[in-house]
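K.L.:
sharing a model that was predicted from the sequence below.
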There are 2 protein chains.
Amino acid sequence: MAFSNLFATCNIPVAFRGSTRFFRLSSSRRRLLYPDCRFNRPPQTTYRWFARLTTGGSSATGPEDALVFEHYVAGKVSRINKALELAVPLRHPLRIHESMRYTLLGHGKRVPGIMCLVSCELVGGDESWAMPAACAMEMVHAMSLIYDDLPCLDDDDLRRGKPTNHRAFDEGTALLAGEALLALVFELMAGMEEVPASRVVRAMLELGQAAGSEGMAAGEIMDKLSEGREDISLEELEYIHKHKSSIGRAATVCGAIIGGANEDEIERLREFGTKVGLLYQVIDDVLDVTRTSKELGKDAGSDLAKDKATFPKFMGIEGAKKYAFRLLDEILLKLSYFNDERAAPPRRLASFFVNRQK
Amino acid sequence: MAFSNLFATCNIPVAFRGSTRFFRLSSSRRRLLYPDCRFNRPPQTTYRWFARLTTGGSSATGPEDALVFEHYVAGKVSRINKALELAVPLRHPLRIHESMRYTLLGHGKRVPGIMCLVSCELVGGDESWAMPAACAMEMVHAMSLIYDDLPCLDDDDLRRGKPTNHRAFDEGTALLAGEALLALVFELMAGMEEVPASRVVRAMLELGQAAGSEGMAAGEIMDKLSEGREDISLEELEYIHKHKSSIGRAATVCGAIIGGANEDEIERLREFGTKVGLLYQVIDDVLDVTRTSKELGKDAGSDLAKDKATFPKFMGIEGAKKYAFRLLDEILLKLSYFNDERAAPPRRLASFFVNRQK
C-alpha cells in the first residue's frame, strides 16, 4: 500500500518547513501555498487547545511568536487529521471501521503524532516522511485509550466529552477495533516507501518495544496491580508512568530515525521523549484531582476512586507540580544540543504540557 | 534486539534442510547433527497430534514415508517451542509475562509457525531465517485465541484442555497480554537481522493486512454479527472463515517472502495459504458438532449454542466434509507447480487437516 503517497497533497513547501519564515508571507500567498490552514482547519476544540500553547512556558517570547507557533501546530494537527481520515476509510465491515474511527478521529490532541513530526524535522527530515509514523503513533494511542476504558481495566464511561468506545458500541467491537488499530500500524509503517527500509525496520523495533510487555503494557499492568497499595515507592510510581507514556518516547525516537538522525541525536531524543511522556503523565495525575469531569472531558477523580498510585498521592499536588517543572528544566537542557530555531517547537510543547489545564 | 541469533543453536545443517535425506542417516549420526529431536522433544500431546499426520491423506505413501514426515514436523515443533520460550522469558512484570506464556507456550499445534517455516523452505530459504516470523505468527494466533475466549466475544472457559487465559488470570491481564503479544510481533519481525530489510518490511505489511480490519478482525466481527442470523449466504460464510483464518495465509506468504520467493511463487502460495486456512476452519466447524469437549480439549458445541454461522449448519456435516476435500484437491494442484520433494511437507499438512480428529 503506497500510503506515503496520500500525504503528497498536504506537504509544506520545503523552503518553509522547520522555520517560521512562512508565517511572514502575505495572507493571500500563505493561503495559496498552504491551503490546509484555511480549508481544513482542525476541529475548534483541538485548535483552541493548541492555542493555549501561547499562554505560558519558559520559551514564550511574545504575542507574535505565540501566533507563529499556534499556526505551526494547527497545521500539523490539520494534516495529521486528514491523514488519519484517509488511513481508515469507512469500508466493509462497517461496524469495526466505525468503532476505529470513533476513537481515532475524535478530537484528540494529537500529541504523539506531533512529537513524531517535530522530532523528524528537528533532525533535518521532511514532515511527509514521518506522517505515516505519526498516524501509527496516534493509532497505538487510540488503541490504548479504548482498552484503558474497558470495564476490566479503568471502566470509564466518558472520554473527551463523549461516551467511551465500548459504551458507544459494545465491548466485543471495542476489543476488535483496538486489535485492528494495532495491526494497521504495521501497514502504515511498512508502507513508508519514501523512507529507506533499514530506517523503517529500526523504527518498528522501537515502536514494538514501547508498546509491549516492557513498555506501555508493563506500565498498565503495574498500574492495575498498584491499585489500593499504600506502600508504593517513588521508584515504582516513576516506573508506571514512564512505561505508560512510552508511546511519547517511541514517537520521538521513530521520528528521529525516519528523519535520518545519528546515534547521538537518537539517544538525546530518547531521553527527551521519556521525560516529556513522564511530565505529561504527572500533569494528568494533577488534573485528575484538581479539575471537574466537564473541564477535562473525561471522568475526573477516577484515580482517587480506584485508589491508584499517583504523584499527587505520593508528594501532594504542589510537590507534583514542582516535580513537573524540574522535568521541564531537564527537557530544555536536552534540547539545547540542537539547532535553536528547529528546537523551538519541542521546547514550546514541553512548556505547554506543564501549564495545560485539560 | 538480535533475536535471530537465538536460533543459531538450533539450526539444521544446510545440507539436510528442506529434504528427507537427513532421515536416511544412522540414528547415532542423526542425534549428533540434530540434537533437538532427542533432547528437546515437544510435549507429547503435540507430538502425538502430528503423529496422526501419518494416518491419512492422499499423499501418504507408506509407513516409512510417514515416519520421515513425523520426525520432520516434530523437529519443527520442537524448535518453534524453544524459540518461543526464549522470546518471552519470565521477567518483570511477572504477571503479564506469565499470562503471555500461559497461552503461547501451551500445547499448541504450531500450525501457523510450521506453515511459515515450510513455505520459506519450499522456495529455497533457510529455516533459521523464518524462525522469528514463525514465532510472530504463533503470537498473533495466541492473541486471537485469548481475545476470542473473552466474555465479550465467545465467552469460553476451556482451551486446549485448560482454563482459558482470562479464567486462569483475569480479564484485564488477558487483555494486556494480548496487546503485548501483538507488540512483540514488531520486535520479532524487525529483529530479523539475517534477512534483507526490504523483505522484512514487505512481510510486515502482509502480516498487518492479515491481522487487521480487512483480515482476521474483519472475520471476527462478521462472525459476531452473524450470530442468530438465518439468512446467511455461502458467500458470507466463506468471507468469515477466509478472514478468520488469514493468519495461515500470512504465515505462508511471509515465509515465502523471507525465503526469497519471486512474485509468481508468492501469489501461488498466497492462494495455497488462503485455501489451507479455509479448509482448517471448515473442519473446525465439523469437529465442533461431532466431537465432545474432552476429545477436543475445548468447549464443543459452542458454535451451535451461540447459533453461529457454520459450514455444517449451511450444507450439513457430509456436505462440509465434501467441500473440504474439494479444497484439498485445489491445494494439491497449487503445490504441483513447486519442486516435488520440497512440496511434500505442505502437501502432507493439507492432507492431514482434512482428516484431523481434534
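P.N.:
Received it, and whenever you're ready, just let me know what you need.

K.L.:
so A:Glu127 versus A:Ala344, what's the distance?
P.N.:
In this view, A:Glu127 and A:Ala344 are 15 Å apart by CB to CB, to the nearest Å. In this view, the C-beta of every residue, glycine as well, is placed from N, C-alpha and C.

K.L.:
actually A:Leu327, not the one I wrote
P.N.:
Computed as CB to CB, the A:Leu327 to A:Ala344 distance reads 19 Å.

K.L.:
kindly report the same for A:Glu206.
P.N.:
For A:Glu206, the distance to A:Ala344 - CB to CB - is 25 Å.

K.L.:
which of those two has more neighbours?
P.N.:
Here A:Glu206 and A:Ala344 are compared on neighbour count by other CB atoms under 10 Å in any protein chain shown; more neighbours surround A:Glu206, at 26 against 23.

K.L.:
wait, what's in contact with the more buried one?
P.N.:
Residues near A:Glu206 by CB atoms under 8 Å, 6 or more residues apart in numbering or on different chains: A:Ala250, A:Val253, A:Cys254, A:Ile257.

K.L.:
check which helix or strand covers the second one.
P.N.:
Spelled out, that is A:Val253. Element membership for A:Val253, per DSSP states H and E: helix A:246-258.

K.L.:
now the following helix or strand past that helix: mean pLDDT?
P.N.:
Next along the chain after helix A:246-258, taking DSSP H and E as the criterion, comes helix A:263-290. The average pLDDT within helix A:263-290 is 92.

K.L.:
anything in helix A:263-290 near chain B?
P.N.:
No. Legend: contact between helix A:263-290 and chain B by CB under 8 Å from any CB of the partner chain is lacking; minimum distance shown is 15.4 Å.

K.L.:
mind listing what's buried in that helix?
P.N.:
For helix A:263-290, burial by neighbour count (16 or more other CB atoms under 10 Å in any protein chain shown) applies to A:265-266, A:268-289.

K.L.:
next one: stretch A:239-247
P.N.:
Neighbour-count burial for stretch A:239-247 flags A:Tyr239, A:Ile240, A:His241, A:Lys242, A:His243, A:Lys244, A:Ser245, A:Ser246, A:Ile247 (criterion: 16+ other CB under 10 Å).

K.L.:
of all the residues you listed, which comes closest to A:Gly108?
P.N.:
Using CB to CB, A:Ile247 comes nearest to A:Gly108 of those, at 12.6 Å.

K.L.:
from A:Ala133, how far out is the closest one?
P.N.:
A:Ile247 sits 12 Å away from A:Ala133, going by CB to CB.

K.L.:
most surrounded residue in the contacts of A:Glu206?
P.N.:
A:Cys254 (34 neighbours).

K.L.:
dump the residue contacts of the residue nearest to A:Gly215 when sequence neighbours are not counted.
P.N.:
Leaving out its chain neighbours, the residue that sits closest to A:Gly215 by CB to CB, 6 or more residues apart in numbering or on different chains is A:Ser246, at 4.2 Å. By CB under 8 Å, 6+ apart, the residues touching A:Ser246 are A:Ala210, A:Ala211, A:Gly215, A:Met216, A:Gly219, A:Thr274, A:Gly277.

K.L.:
adding secondary structure and distance to A:Val73, write these out as a markdown table.
P.N.:
Putting the contacts of A:Ser246 into a markdown table (DSSP: H, G, I helix; E, B strand; the rest coil; distance: CB to CB, whole Å) gives the following:
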| residue | secondary structure | distance to A:Val73 |
| --- | --- | --- |
| A:Ala210 | helix | 23 |
| A:Ala211 | helix | 25 |
| A:Gly215 | coil | 26 |
| A:Met216 | helix | 25 |
| A:Gly219 | helix | 27 |
| A:Thr274 | helix | 22 |
| A:Gly277 | helix | 18 |
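
K.L.:
tell me if I'm right that A:Tyr337 and A:Arg268 touch.
P.N.:
Yes. The pair A:Tyr337 / A:Arg268 is scored as a contact, 5.7 Å apart, by CB atoms under 8 Å.

K.L.:
secondary structure element for the closest residue to chain B within the stretch 201-350 of chain A?
P.N.:
With CB to the nearest CB, the shortest gap between the stretch 201-350 of chain A and chain B falls at A:Gly208, namely 2.7 Å. In this assignment (DSSP H and E), A:Gly208 forms part of helix A:197-211.

K.L.:
check the offset of that helix from the chain's centre.
P.N.:
17 Å (CA atoms, centre = their mean, to the nearest Å).

K.L.:
neighbours of A:Gly319, how many?
P.N.:
12.

K.L.:
how is it classified with respect to secondary structure?
P.N.:
Taken by DSSP: H, G, I helix; E, B strand; the rest coil, the conformation at A:Gly319 corresponds to helix.

K.L.:
could you measure from A:Tyr147 over to A:Asp157?
P.N.:
On the measure of CB to CB, A:Tyr147 and A:Asp157 end up 15 Å apart.

K.L.:
of these two, who's got more company?
P.N.:
More crowded of A:Tyr147 and A:Asp157, by other CB under 10 Å: A:Tyr147, with 27 against 15.

K.L.:
how about A:Phe338, nearest residue that isn't a chain neighbour?
P.N.:
A:Leu122 (5.8 Å).

K.L.:
quick one, phi psi at the one you found?
P.N.:
Backbone torsions for A:Leu122, taken as degrees, to the nearest 10, come to phi -60, psi -40.

K.L.:
do the same with the one 4 residues further on
P.N.:
The phi and psi values for A:Asp126, taken as degrees, to the nearest 10, are phi -100, psi 140.

K.L.:
number of residues surrounding it?
P.N.:
21.

K.L.:
does it really touch A:Cys120, like I thought?
P.N.:
Yes. With contact defined as CB under 8 Å, A:Asp126 reaches A:Cys120; the gap is 7.3 Å.

K.L.:
so for those two, which residues contact both of them?
P.N.:
A:Gly259.

K.L.:
burial of the nearest residue to A:Arg229 once chain neighbours are set aside, as a residue count?
P.N.:
The spatially closest residue to A:Arg229, leaving aside those adjacent along the chain, is A:Ala309, at 6.7 Å (CB to CB, 6+ apart). A count of neighbours around A:Ala309, defined by other CB under 10 Å, yields 23.

K.L.:
is A:Ala309 in contact with A:Ile240, as I believe?
P.N.:
Yes. Using CB under 8 Å, A:Ala309 is in contact with A:Ile240, at 6.4 Å.

K.L.:
need the overlap of contacts for these two.
P.N.:
The contact sets of A:Ala309 and A:Ile240 overlap at A:Asp223, A:Ser226 (CB under 8 Å, 6+ apart).
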